[in-house]
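In: Would you be able to build a 3D model of this:
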Amino acid sequence: MGKVTIADVAARTGFSKTTISRFLNGKYEFMSEETRKRISEVIKDIEYKPNRMARSLRLQQSHMIGVIVSDISNPFSAILYTGISEYCEQHGFTVLLADAGDDPDKEKRYIQSMIAQGVDGLVINATGANVSYLNEVNRTMVPIVLADRPVEGCECDIVSVDTKQVTKDSLDLLLSKGYERILFATRQIGTNGIRRERFDEFSTQYEALTNRQAMTLEYTKADKESLKTAILSALAAARDAGEKLALFAGNGVVLSDMAYLLRRNKLRSPDDVGLFSYDNWPWMDSIGPGISVIELPSHQIGSECARLLLLRVSASLKASEDLVTSEASGSTSMAKQHIILSGKIVERDSL
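Out: Now for the predicted structure:
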């Protein structure tokens, strides 16, 4: 069989070429879920690969980039967005922003809406639940770059932090400070790739270093009581054993929950318990003695996502010469890119 065309997809599905074209361009307004599913299955079955360059010539480049964050109230998302928007502005691109609220359905709807508005590419801080759809969009519609959160099985480019190394650095610090017992806590993991990665790295490395079973907790936003119970239980056990306990927060939101519970239970850091966290938000330097943290390069993650995405756009659409560099001379067939950045420990007086 020769090169598969849009006409082949139309013939196999029984739909018109116009319907197939609307699907490929993300225009789903009057298209049933059954129709979309059938077209997607046929595209995969006959290995149809739409030509992004041809699509660009038909639609013209919009110089718009879509950004979908998981939670805009989280300072990480705000800093990430700043990094993306500053880079895009420098290169003549406008940024559309949406907050998915960690809701996979909202994430998917925003992707569809932004494609319908003609964005040239997407940066997504993904929920992790739409892997097949992300791959489909990245392969057939517009390039996608994932920000920070890995998604298992996803073929999209990603910019993330070296979780393995920052976990090692964190445990080296905590153990050197005499914290034999460490309780790692995170909000509900679900399909959240970065929460899973941090949770697993802590458990694996702690057990390898200490020959002890890792103390971990996964809790929901509505169930802070379980976090309180875990902290008080771990602290009582540590005191009985004559050992020091440190609390390790999986992100700044968890640290906020921990700090609140410590204050309500008249516990102080580092006198009663050590306190350590991912994220370095402004208030962490001023609360109590100042919290020791892992500082994540949130702004750099954003700017690197934007840089990588615009290179993809440039390569696939033969965009304007001011974006064409020696790095951008590849094609859309170049291998998936994974840019790994370094975090750093900021030591304060909570340990």
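In: domain parsing for this protein?
Out: Per automatic domain parsing, the structural domains of the chain span 1-49, 59-159+299-340, 163-297.
In: Show me the longest helix that occurs in this structure.
Out: Ranked by residue count and defined by DSSP state H, the top helix of the chain is helix 298-317.
In: can you give me the strands for the stretch 201-350 of the chain?
Out: 215-219, 245-249, 274-278, 292-295, 338-341, 344-346 (DSSP state E, counting those that start in this stretch).
In: Mind putting those strands into a markdown table with mean neighbour count?
Out: (Each C-beta comes from the backbone N, C-alpha and C, glycine too.) Shown next, in a markdown table, are those (neighbours: other Cβ atoms under 10 Å):
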| stretch | mean neighbour count |
| --- | --- |
| strand 215-219 | 19 |
| strand 245-249 | 27 |
| strand 274-278 | 26 |
| strand 292-295 | 23 |
| strand 338-341 | 14 |
| strand 344-346 | 14 |
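In: Throw these into CSV and include mean pLDDT and distance to residue 185, thanks.
Out: Compiled in CSV, these are given as follows (pLDDT from 0 to 100; distance: least, Cβ to Cβ, whole Å):
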stretch, mean pLDDT, distance to residue 185
strand 215-219, 98, 4
strand 245-249, 99, 6
strand 274-278, 98, 10
strand 292-295, 98, 15
strand 338-341, 97, 24
strand 344-346, 98, 19
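In: who wins for proximity to residue 349 among the domains of the chain?
Out: Using Cβ to Cβ as the measure, domain 163-297 is the one of these that comes nearest residue 349, at 3.5 Å.
In: May I have the distance across the closest one, first residue to last?
Out: End-to-end distance for domain 163-297: 12 Å, by Cα to Cα, to the nearest Å.
In: Put the alpha carbons of the helix or strand where residue 18 lies into PDB.
Out: Using DSSP states H and E, residue 18 sits within helix 17-24. Output of helix 17-24 as PDB, limited to C-alpha atoms (Å, rounded to 0.1, in the frame of the first residue of the first chain):
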ATOM      1  CA  LYS A  17     -13.100  14.100   4.000                       C
ATOM      2  CA  THR A  18     -14.500  17.300   5.500                       C
ATOM      3  CA  THR A  19     -15.400  15.400   8.700                       C
ATOM      4  CA  ILE A  20     -11.900  13.800   8.900                       C
ATOM      5  CA  SER A  21     -10.300  17.200   8.300                       C
ATOM      6  CA  ARG A  22     -12.400  18.700  11.100                       C
ATOM      7  CA  PHE A  23     -11.300  15.900  13.400                       C
ATOM      8  CA  LEU A  24      -7.600  16.400  12.500                       C
END
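In: Mind giving me the packing neighbours of it?
Out: helix 6-13, helix 33-45 (3 or more Cβ pairs under 8 Å, 6 or more residues apart in numbering; DSSP states H and E).
In: The longest one: which residues count as buried?
Out: By neighbour count with 16 or more other Cβ atoms under 10 Å, helix 33-45 contains the buried residues 35, 38-40, 42-43.
In: check contacts around residue 77.
Out: Applying Cβ atoms under 8 Å, 6 or more residues apart in numbering, we find residue 77 in contact with 69-71, 99, 125.
In: for the residue nearest to the spatial centre of the chain, what are its contacts?
Out: Residue closest to the average C-alpha location in the chain (Cα atoms, centre = their mean): residue 149, at 2.5 Å. Residues in contact with residue 149 (Cβ under 8 Å, 6+ apart) are 70, 125-126, 128, 160, 192-194.
In: What about it? Give its phi and psi, please.
Out: phi -90, psi 120 (degrees, to the nearest 10).
In: Paired strands for the helix or strand containing residue 159, with orientation please.
Out: According to DSSP H and E, residue 159 maps onto strand 157-161. Using DSSP bridges, strand 157-161 pairs in its sheet with strand 144-147 (parallel), strand 338-341 (parallel).
In: Residue 291 contacts residue 278, doesn't it?
Out: No - between residue 291 and residue 278 there is no contact under Cβ atoms under 8 Å: 10.9 Å.
In: hey, what's in contact with both of these two?
Out: Counting by Cβ under 8 Å, 6+ apart, nothing touches both residue 291 and residue 278.
In: Tell me how many other residues crowd residue 96.
Out: Residue 96 has 17 neighbours, counted by other Cβ atoms under 10 Å.
In: tell me the pLDDT at it?
Out: Note on residue 96: pLDDT of 97.
In: and if you look at residue 128?
Out: At residue 128, pLDDT is 96.
In: Enumerate every residue touching it.
Out: Applying Cβ under 8 Å, 6+ apart, we find residue 128 in contact with 149, 151-152, 190-193.
In: Tell me how far it lies from residue 188.
Out: Remark: distance between residue 128 and residue 188 (Cβ to Cβ, to the nearest Å) = 12 Å.
In: same question, residue 199
Out: On the measure of Cβ to Cβ, residue 199 and residue 188 end up 11 Å apart.
In: With neighbour numbers in mind, choose between those two.
Out: Higher neighbour count among residue 199 and residue 188: residue 199, with 20 against 13, using other Cβ under 10 Å.
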